[in-house]
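>>> can't give you the sequence, but here's the structure:
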């Protein structure tokens with residue numbers, strides 16, 4: 001009935017072996033965080049689950065686990081919450097594999113479930129306990145905002161709909177309530193029949209990770225020099241000899257390989273059997289192309305930190321580079337001529353959400369996990385994520401926390417009816433400004449590939465080191 005997920009050869013892979021330290025939930029983390037006015041609609045008298053004896057421990061990263069969200073959640077839910085920020089992405093994922101009892105809720109990428117899930121340290125989430133499950137955008141469940149729309153693409157790679165659900169039949173025991181043992185094999189499955197665009201039979205009753213942030217990345221460019229509209233530009237501009245010495249790539253091999261693969265494929269320099277999971281031979285061919293460009297002085301830099309990407313563009317050292325949307329928003333707030341691409345070939349998608357540790361068996365703690373995860377659909381967190389340039393799985397509830405014109409700008413692609421704060425506070429969105437790439441539906445309709453963990457990650461890291469080594 002369902003399409004089962006593949007897992008990395010050899011089963012569980014140690015987190016440190018992947019070398020993915022720069023990959024955070026969604027994309028890059030900003031150096032400052034902004035949030036909507038904390039005057040929120042009253043949530044009523046909050047009560048902690050009966051029997052809860054300690055704080056809820058949430059493991060994740062600074063892109064979404066920020067103090068305004070924690071403070072609001074504690075106020076609305078009535079219990080203490082500790083945001084345990086991993087030193088880096090490798091350290092966080094190492095914790096999942098080696099110390100599942102050290103956290104209750106995990107904030108992570110859907111794409112990393114392929115190697116986290118086989119550890120057995122995350123438990124299936126009972127969909128019936130997610131109060132707004134029916135309101136989650138179909139993009140997570142069926143691959144498109146409008147299922148079956150032939151004008152939109154599913155995208156290759158580890159799209160969230162390909163590992164969202166858990167097979168309801170199997171042999172592994174998972175305690176999901178104090179008096180119920182559900183037999184699950186822990187295998188991730190795809191519910192979608194990609195040929196028809198519809199669900200394959202009855203929707204599974206358990207998921208691996210409750211959907212959260214979602215979006216699509218591309219590149220930023222100096223619109224005064226690269227004089228093209230975001231919808232007209234191509235990934236091939238990363239290889240354009242006109243910009244030699246003024247191109248920068250993100251120093252994250254998985255993300256950069258996706259982006260440069262799209263450029264190489266479009267130019268006809270090489271082909272890929274599966275863009276989301278290149279073979280050793282395909283990695284070799286791509287690295288050869290990149291090394292040849294590097295010898296010609298094509299790449300100005302391989303940046304690792306968010307601020308570095310901002311500085312490279314602001315200084316004029318580069319005119320086109322891999323960038324995250326908040327970085328472009330920061331430069332646009334300074335009224336610099338920086339645009340964000342919606343390439344003809346499509347975006348590189350990312351998604352994240354919340355899982356529950358298999359170590360959580362206490363009924364009160366488990367209820368607190370579900371209460372916290374459900375709270376993220378209340379609107380306030382989604383409003384914060386919206387101002388960070390991201391979208392959320394349940395976006396509609398965020399309307400109560402922002403002005404209509406601000407929602408229309410971020411989500412519907414409308415011109416700003418006045419000045420609004422953006423990812424970095426103050427005035428970041430100026431009256432009349434239009435978000436590059438259009439509305440939520442327009443952007444996510446154009447997915448080329450999703451962030452993925454490749455089978456050949458260790459080999460990719462070896463070859464990537466040749467490119468970035470001084």
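Yep, it's here. In this text, all values refer to a predicted model and were calculated from it rather than measured experimentally.

>>> what's downstream of the longest helix along the chain, the next helix or strand?
Longest helix of the chain, by residue count under DSSP state H: helix 280-295. Moving toward the C-terminus from helix 280-295, the next helix or strand (DSSP states H and E) is strand 299-303.

>>> by contact count, what packs against that next one?
Applying 3 or more C-beta pairs under 8 Å, 6 or more residues apart in numbering; DSSP states H and E, one finds that strand 299-303 makes contact with strand 247-250, helix 306-314, strand 320-323. In short, each C-beta sits where N, CA and C put it, glycine included.

>>> Just the buried residues of the second one, please?
It stands for helix 306-314. 306, 308-310, 312-314 (16 or more other C-beta atoms under 10 Å).

>>> I'd like those as TSV, with distance to residue 408 appended.
Shown next, in TSV, are the buried residues of helix 306-314 (distance: C-beta to C-beta, whole Å):
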residue	distance to residue 408
306	27
308	33
309	28
310	27
312	32
313	27
314	29
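
>>> What is the nearest of those residues to residue 363?
Among the buried residues of helix 306-314, residue 306 lies closest to residue 363 (C-beta to C-beta), at 40.6 Å.

>>> close enough to count as contact, the closest one and residue 327?
Yes. Counting by C-beta atoms under 8 Å, residue 327 is a contact partner of residue 306 at 6.1 Å.

>>> Isn't residue 69 up against residue 385?
No. In this structure, residue 69 is not within contact of residue 385 by C-beta under 8 Å, at 9.2 Å.

>>> Pick out whichever of those two has more residues nearby.
Taking neighbours as other C-beta atoms under 10 Å, residue 69 and residue 385 compare with residue 385 leading, 26 against 21.

>>> quick one: contacts for the more buried one?
When contacts are counted by C-beta atoms under 8 Å, 6 or more residues apart in numbering, residue 385 touches 64, 213, 391-392.

>>> count of neighbours near residue 284?
With other C-beta under 10 Å as criterion, residue 284 counts 12.

>>> Sorry, wrong one. I was asking about residue 316.
Around residue 316 there are 11 residues (other C-beta under 10 Å).

>>> Roughly how far does the closest residue to residue 153 other than its chain neighbours sit from residue 343?
Spatial nearest neighbour of residue 153, chain neighbours left out: residue 447 (5.4 Å); criterion: C-beta to C-beta, 6 or more residues apart in numbering. Distance from residue 447 to residue 343, counting by C-beta to C-beta, to the nearest Å: 11 Å.

>>> neighbour-wise, which of those two wins?
The neighbour count for residue 447 versus residue 343, taken as other C-beta under 10 Å, is higher for residue 343 (26 against 22).

>>> now that one, what's its secondary structure?
coil (DSSP: H, G, I helix; E, B strand; the rest coil).

>>> what sits against it?
218-219, 233-235, 262, 446, 448.

>>> hmm, back to that, which residues make contact with the longest helix of the chain from outside it?
The contact list for helix 280-295, computed with C-beta under 8 Å, 6+ apart, reads 239, 257, 260-261, 264, 269-270, 272-273, 278, 299, 456, 459-460, 463-464, 466-467.

>>> ok, now with 10 Å
Residues from elsewhere that reach helix 280-295, judged by C-beta atoms under 10 Å, 6 or more residues apart in numbering: 238-239, 241, 244, 247, 249, 253, 256-257, 260-261, 263-265, 267, 269-275, 278-279, 298-299, 302, 454-456, 459-460, 462-464, 466-468.

>>> What residue spans form the domains of this protein?
Here the domain parsing of the chain from automatic domain parsing is 3-214+349-397, 218-346+445-468.

>>> With respect to those, which exhibits the lowest mean confidence?
Lowest mean pLDDT of the domains of the chain: domain 3-214+349-397, a mean of 81.

>>> before we move on, the earlier item: figure out which of the helices and strands packed on strand 299-303 is closest to residue 50.
Closest of the helices and strands packed on strand 299-303 to residue 50 is helix 306-314, at 42.4 Å (criterion: C-beta to C-beta).

>>> gap between the closest one and the chain center?
Relative to the chain's own centre, helix 306-314 is displaced by 21 Å; criterion: C-alpha atoms, centre = their mean, to the nearest Å.

>>> No more questions from me, cheers.
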